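[1] Please work out how this folds:
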Amino acid sequence: MVATQRAEQARSRESRRRILDAALDILVTEGYAAATTVRIQQEAGVSRGKLLHHFPSRDALLVAAVHHLAEERVRAQRDRTDWPDGPDERIDAAVASMWATYAQPYFWASMELWIAARTHKELRAALPPEEHAIGQLVRTATDNFFGPTLTARPQYTALRELLNTSMRGVALTYAITPRNPATDPHLQQWQALARQQLATD
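    Numbering: from 1, shown residues only. Sure thing, here's the model as predicted:
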């Protein structure tokens with residue numbers, strides 16, 4: 001009996017993951033309009049009933065999918081331990097890691113939902129709690145990038161929010177003009193600003 005229940009739970013988790021992965025793939029590569037429940041169901045290879053068992057609506061599914069991907073990617077970045085010892089080098093590496101998150105698929109998936117939410121009332125209502133949770137994940141990871149010494153400095157929190165806002169704006173331009181984010185001239189400017197703001201007296 002217990003073995004049967006465990007097998008059923010494992011199959012349910014696998015179905016849920018396939019649904020989430022299919023939703024993300026369509027959302028990132030083809031956009032919100034293409035990410036219908038029928039299309040996701042076909043891509044995931046599950047029945048309509050199974051999809052609705054896990055997710056009662058399209059918007060609930062898409063919001064959960066973005067959170068799922070963000071949680072996986074942010075956790076991997078948060079657990080990094082090979083940071084430079086020097087404060088300036090640590091700052092530069094931390095800022096570069098922040099910027100790298102804006103090239104991740106979950107950023108573009110989030111932006112698809114943000115833009116769609118402007119004209120979809122139900123999606124707009126569903127987004128804030130999940131975006132708050134994702135934002136907290138990202139802030140926690142960013143704090144790990146910088147480490148306890150730098151995050152304890154009084155200018156840190158305001159700097160973190162400023163960098164995230166600026167990076168988000170620059171990243172959106174990549175939707176129209178794709179290029180290599182590692183060579184973006186803003187990166188050196190953000191690093192210089194962070195070193196200035198977090199410098200010791």
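[2] And the helices in this protein, which stretches?
    Assigned by DSSP state H, the helices in the chain fall at 2-30, 37-44, 48-54, 58-78, 87-101, 105-117, 121-151, 156-172, 185-197.
[3] Which of the residues in the last one are classified as buried?
    Using 16 or more other CB atoms under 10 Å as the burial criterion, the residues of helix 185-197 that qualify are 187, 190-191, 193-194, 197. C-beta here means a position set from N, CA and C on the backbone, and glycine is covered the same way.
[4] can you put the residues you listed in JSON lines and add distance to A103 and pLDDT?
    Compiled in JSON lines, the buried residues of helix 185-197 are given as follows (distance: CB to CB, whole Å; pLDDT from 0 to 100):
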{"residue": "L187", "distance to A103": "12", "pLDDT": "97"}
{"residue": "W190", "distance to A103": "14", "pLDDT": "98"}
{"residue": "Q191", "distance to A103": "17", "pLDDT": "98"}
{"residue": "L193", "distance to A103": "20", "pLDDT": "97"}
{"residue": "A194", "distance to A103": "19", "pLDDT": "97"}
{"residue": "Q197", "distance to A103": "24", "pLDDT": "96"}
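[5] Reformat those as TSV; add distance to D21.
    Formatted as TSV, the buried residues of helix 185-197 follow (distance: CB to CB, whole Å):
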residue	distance to D21
L187	31
W190	32
Q191	35
L193	37
A194	35
Q197	39
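[6] neighbours of T157, just the number please.
    12 (other CB atoms under 10 Å).
[7] How about E122?
    E122 - counted by other CB under 10 Å - has 12 other residues nearby.
[8] That one touches D59, doesn't it?
    Yes: counting by CB atoms under 8 Å, D59 is a contact partner of E122 at 5.5 Å.
[9] What's the mean pLDDT across stretch 76-96?
    Stretch 76-96 carries an average pLDDT of 88.
[10] for stretch 125-138, same thing?
    Stretch 125-138 comes out at a mean pLDDT of 86.
[11] Check the offset of that stretch from the chain's centre.
    Remark: stretch 125-138 is offset 10 Å from the chain centroid, using CA atoms, centre = their mean, to the nearest Å.
[12] ditto for stretch 51-67
    What separates the centre of stretch 51-67 from the centre of its chain is 16 Å, taken as CA atoms, centre = their mean.
[13] ok, now stretch 99-116?
    So, by CA atoms, centre = their mean, the centroid of stretch 99-116 is 6 Å from its chain's centroid.
[14] and if you look at stretch 83-97?
    Taking mean C-alpha positions (CA atoms, centre = their mean), stretch 83-97 and its chain are 21 Å apart.
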